[in-house]
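1. Here is my input, please return the structure:
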Amino acid sequence: MTNVIIGEFVGTILLVLLGDGANVTLNNSGFKAAGALFIALGWGLAVALPAAAFSGICPASYNPALTIALFADGTLAAADGYTIAVIIEMIIAEMAGGFIGAVLVWVAFKPQFDASSD
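-> This is a model prediction of the structure:
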């Protein structure tokens, strides 16, 4: 189950990094007016790439609410090794991955944030 936890952690980092990275107002670049198409494409890739990369080793839910829902409806069953302890570990990994992803977005786009008034 360690692979499941690592897959959820890294996948959530990629989801937040790619998705939120697409939402950064790029005031210092030629993509300032890219708009909704750029953001939709960025989020689509942010969801698809980690899911494709890690779906072989983890459920690729990347969202604590979805993990809880999948456990509650039996999709993530204890018979498959998804005990309540594993579900809690997955939720912690997803939350930690989200935080690390947000920090990486902030570090990567700090000059963009400084250049933007909003």
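
2. Off-centre distance for the longest helix seen in the chain?
-> Longest helix in the chain, counting residues (DSSP state H): helix 84-108. Centre-to-centre, helix 84-108 and its host chain are 8 Å apart (C-alpha atoms, centre = their mean, to the nearest Å).

3. Now do the same contact list for Glu94.
-> If you count contacts by C-beta atoms under 8 Å, 6 or more residues apart in numbering, Glu94 has them with 8-9, 12, 61-64, 67. Just so you know, the C-beta spots here come from the backbone N, C-alpha and C atoms, and that holds for glycine as well.

4. So which of the residues you listed sits lowest on pLDDT?
-> Ranked by pLDDT, the contacts of Glu94 bottom out at Ser61 (88).

5. Pull the number of nearby residues for it.
-> The number of residues packed near Ser61 is 22, by other C-beta atoms under 10 Å.

6. How about Thr67?
-> Using other C-beta under 10 Å, Thr67 has 23 neighbouring residues.

7. can I assume it is in contact with Ile87?
-> Yes - applying C-beta atoms under 8 Å as the test, Thr67 and Ile87 come out as touching, 6.3 Å apart.

8. Now for those two: what residues contact both?
-> Common neighbours of Thr67 and Ile87 (criterion: C-beta under 8 Å, 6+ apart): Leu76.

9. Quick check: what element follows the longest helix of the chain along the chain?
-> Downstream of helix 84-108, the first helix or strand assigned by DSSP states H and E is helix 110-115.

10. Now do the buried residues in that following helix.
-> The neighbour-count check on helix 110-115 (16 or more other C-beta atoms under 10 Å) flags Gln112 as buried.

11. what's Leu41 in contact with, if anything?
-> Leu41 neighbours (C-beta under 8 Å, 6+ apart): Ala22.

12. Tell me how far Ala40 lies from Phe54.
-> Separation of Ala40 from Phe54 (C-beta to C-beta, to the nearest Å): 22 Å.

13. Hmm, I typed the wrong one, I wanted Gly11.
-> 5 Å.
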